[in-house]
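Participant: Structure, please.
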Amino acid sequence: MLVKTFGSAVYGIQAITITVEVNILPGTKFFVVGLPDVAIKESYFRIESALKSTDYRMPRQQVVVNMAPADIRKEGSAYDLTIAIGVLAASGQIEAENLDKYLIMGELSLDGSLQPIKGALPIAIQARKEKYKGFILPSQNAREAAIVNDLDVYGVDNIKQVADFFNGTGTLQKEEVNTREEFFDTLSNYENDFSDVKGQENIKRALEIAAAGGHNVILIGPPGAGKTMLAKRLPSILPPLTLHESLETTKIHSVAGKLSAADSLVTRRPFRSPHHTISDVALVGGGSNPQPGEISLAHNGVLFLDELPEFKRTALEVMRQPLEERRVTISRARFTVDYPATFMLVASMNPCPCGYYNHPEKECICPPGTVQKYLSKISGPLLDRIDLHVEVTPVDFSELSSDRKAEASDLIRERVIRARDKQIERFGNNNDLHANAQMSPQMVRDVCKISAAGQTLLKKAMEKLGLSARAYDRILKVSRTIADLAGSDEILLEHLAEAIHFRSLDREGWAG
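Facilitator: Predicted coordinates:
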């Protein structure tokens, strides 16, 4: 008897429906065709053990499983449940009447229980698009799939529950998630707050500008000056995620398998802080079975690279294009996948290997030439793509011991949101633009107009600091953001001067 069940394959952050055809013929072998990988071919042993453990049986006949479309590579163990239900229906152990109404996914354990899968959210979105009545999947993934409305999502713990459901001898509990309530309940809950930071008002100002315009930042200063502490608090002053951004971010984390059973939506802006030993592929994404990298997991959030010169140069250089394009394209012989990568890059570094170059109190012990060699690990093209260069100085004792309460993140966020609202109004006709940092060179010319005095100031800065054409655009973008924060429709001289101040590390020989 020929039976069809339905599963799904995830490519990038999109899903493609896979039809699993099961036919039982005279013979004794088990065949899986349709470009399956090794994990799928091994499913026979998991299915046989799972069925035996739940009082069902594997047919002692030839079982042929075809996974269509046959020209798409299928990978992973998430098709175990899809194939097993097809085998039970084809052998007459369960009713096949309603199989075409449901998408079924799950990895089987030997005792018949189910393990979680990756990509439940994009699969659920595709199932709704193709008008399936319901989606049956492991209970650990039910909440993330249930945020998709107009689709019945059933979380199950073992294969027996699914078999009984199709036989009509058991029922499944529909998972219910109030998406909007879930979204708004945890929207602005951050553990870290700027009120914890003593002093460092100039650094807070730089991060406020960065948050208001979506600009990239590099913090340079001695150990213990507060670089990491400040960077960790940046998400708390960014505008809250929109529901669309939340869904898009959740899809990426779902594909990467980063959501726990209690999660349904990513409601707070991501903060990713990979170790400096990270490989190129882990940072930007890829692999034989392409997975999103850290820059995509930081989509709509912050990517923090601590001790930037310690990262492999090749890993840093592969970020150059994603920083400009805001997406990562991974190409293979048979397919190409795109992962979004709209993130704020925040980097920190010491000024030298010992960390105390230009320190007001401690003496640098690095040999001559070491400082410049250390700083030159960061290439000019990458430095060009970082809008704000901020020198962090140590906090003195009087500020550390002060009882004065620092400004809270909520107050800073209000100013950032007002500036972002001006930008959204400015770019209202362009859905791809949400912040000043994302403007194209042509838009910079149209939006960031400066006076003759401003042109003279900028010319002198370009000549003195040896700035590139890209740095010229970055200065104009930052000055536009500073003007937005000030509520000004025009870019004034003081806005331009402050923006130029944040390119001080751009000059040749910026170590001193």
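Participant: CA atoms for contacts and neighbours, from now on please.
Facilitator: Fine.
Participant: Kindly give the local confidence score, pLDDT, for the closest residue to residue 436 other than its chain neighbours.
Facilitator: Using CA to CA, 6 or more residues apart in numbering and skipping residues adjacent in sequence, the residue nearest residue 436 is residue 213, 5.0 Å away. On the pLDDT scale, residue 213 is placed at 94.
Participant: ok, residue 213 - how many residues close by?
Facilitator: The local packing of residue 213 (other CA atoms under 10 Å) involves 28 other residues.
Participant: Would you confirm that it contacts residue 424?
Facilitator: No - Residue 213 lies out of contact with residue 424 (CA atoms under 8 Å); the separation is 10.9 Å.
Participant: shared neighbours of those two, anything?
Facilitator: Common neighbours of residue 213 and residue 424, counting by CA atoms under 8 Å, 6 or more residues apart in numbering, are residue 435.
Participant: Any regions of the protein where pLDDT drops low?
Facilitator: The chain contains residues with pLDDT under 70 at 186-188, 504-512.
Participant: Mind checking which residue lies nearest the centre of it?
Facilitator: Nearest to the mean C-alpha position of the chain, counting by CA atoms, centre = their mean, stands residue 297 at 2.1 Å.
Participant: hey, C-alpha coordinates of stretch 173-186 in PDB?
Facilitator: Extracted in PDB, the C-alpha atoms of stretch 173-186 (Å, rounded to 0.1, in the frame of the first residue of the first chain):
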ATOM      1  CA  GLN A 173      -3.500  18.800  23.100                       C
ATOM      2  CA  LYS A 174      -3.300  21.900  20.900                       C
ATOM      3  CA  GLU A 175      -0.500  24.300  21.900                       C
ATOM      4  CA  GLU A 176      -1.800  27.800  22.400                       C
ATOM      5  CA  VAL A 177       0.500  30.900  22.600                       C
ATOM      6  CA  ASN A 178      -0.800  34.500  22.700                       C
ATOM      7  CA  THR A 179       1.900  36.000  20.400                       C
ATOM      8  CA  ARG A 180       1.300  39.600  21.200                       C
ATOM      9  CA  GLU A 181       0.900  39.100  24.900                       C
ATOM     10  CA  GLU A 182       4.100  37.100  25.000                       C
ATOM     11  CA  PHE A 183       5.900  39.700  22.900                       C
ATOM     12  CA  PHE A 184       4.900  42.700  25.000                       C
ATOM     13  CA  ASP A 185       5.400  41.000  28.400                       C
ATOM     14  CA  THR A 186       9.100  40.600  28.100                       C
END
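Participant: List the buried residues of that stretch.
Facilitator: 174-177, 179, 182-183 (16 or more other CA atoms under 10 Å).
Participant: can you check stretch 325-336 too?
Facilitator: By neighbour count on 16+ other CA under 10 Å, the buried set for stretch 325-336 is 326-330.
Participant: can you redo those as JSON lines with secondary structure and distance to residue 358?
Facilitator: Conversion of those to JSON lines gives the following (DSSP: H, G, I helix; E, B strand; the rest coil; distance: CA to CA, whole Å):
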{"residue": "326", "secondary structure": "coil", "distance to residue 358": "36"}
{"residue": "327", "secondary structure": "strand", "distance to residue 358": "38"}
{"residue": "328", "secondary structure": "strand", "distance to residue 358": "38"}
{"residue": "329", "secondary structure": "strand", "distance to residue 358": "41"}
{"residue": "330", "secondary structure": "strand", "distance to residue 358": "42"}
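Participant: mind listing the strands in the stretch 201-350 of the chain by residue range?
Facilitator: Listed in chain order, the strands of the stretch 201-350 of the chain (DSSP state E, counting those that start in this stretch) span 217-220, 271-272, 285-286, 291-292, 302-305, 327-331, 336-340, 344-349.
Participant: Distance to residue 399 added to these, as a markdown table?
Facilitator: Below are the strands of the stretch 201-350 of the chain laid out as a markdown table (distance: least, CA to CA, whole Å):
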| stretch | distance to residue 399 |
| --- | --- |
| strand 217-220 | 20 |
| strand 271-272 | 28 |
| strand 285-286 | 43 |
| strand 291-292 | 42 |
| strand 302-305 | 26 |
| strand 327-331 | 42 |
| strand 336-340 | 41 |
| strand 344-349 | 22 |
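Participant: Return the member of the buried residues of stretch 325-336 nearest to residue 470.
Facilitator: Set against residue 470, the nearest of the buried residues of stretch 325-336 by CA to CA is residue 326 (16.5 Å).
Participant: separation between the closest residue to residue 371 other than its chain neighbours and residue 393?
Facilitator: Spatial nearest neighbour of residue 371, chain neighbours left out: residue 352 (5.0 Å); criterion: CA to CA, 6+ apart. Separation of residue 352 from residue 393 (CA to CA, to the nearest Å): 14 Å.
Participant: The residue nearest to the centre of the chain is in contact with residue 253, isn't it?
Facilitator: Yes - contact criterion CA under 8 Å: residue 297 and residue 253 qualify, at 6.4 Å.
Participant: returning to that earlier point: ok, the residue nearest to residue 436 - contacts?
Facilitator: 419-420, 435-437, 478, 481.
Participant: Kindly indicate the member of those with the most neighbours.
Facilitator: residue 481 (33 neighbours).
Participant: Okay, and that one sits in which element?
Facilitator: Assigned by DSSP states H and E, residue 481 belongs to helix 469-485.
Participant: Run through who's touching that helix.
Facilitator: Helix 469-485 is contacted by residues 209, 212-213, 215, 384-385, 387, 415-416, 418-419, 422-423, 436-437, 439, 441, 444, 448, 462, 489-492, 495-496, 498-500, 503 when judged by CA under 8 Å, 6+ apart.
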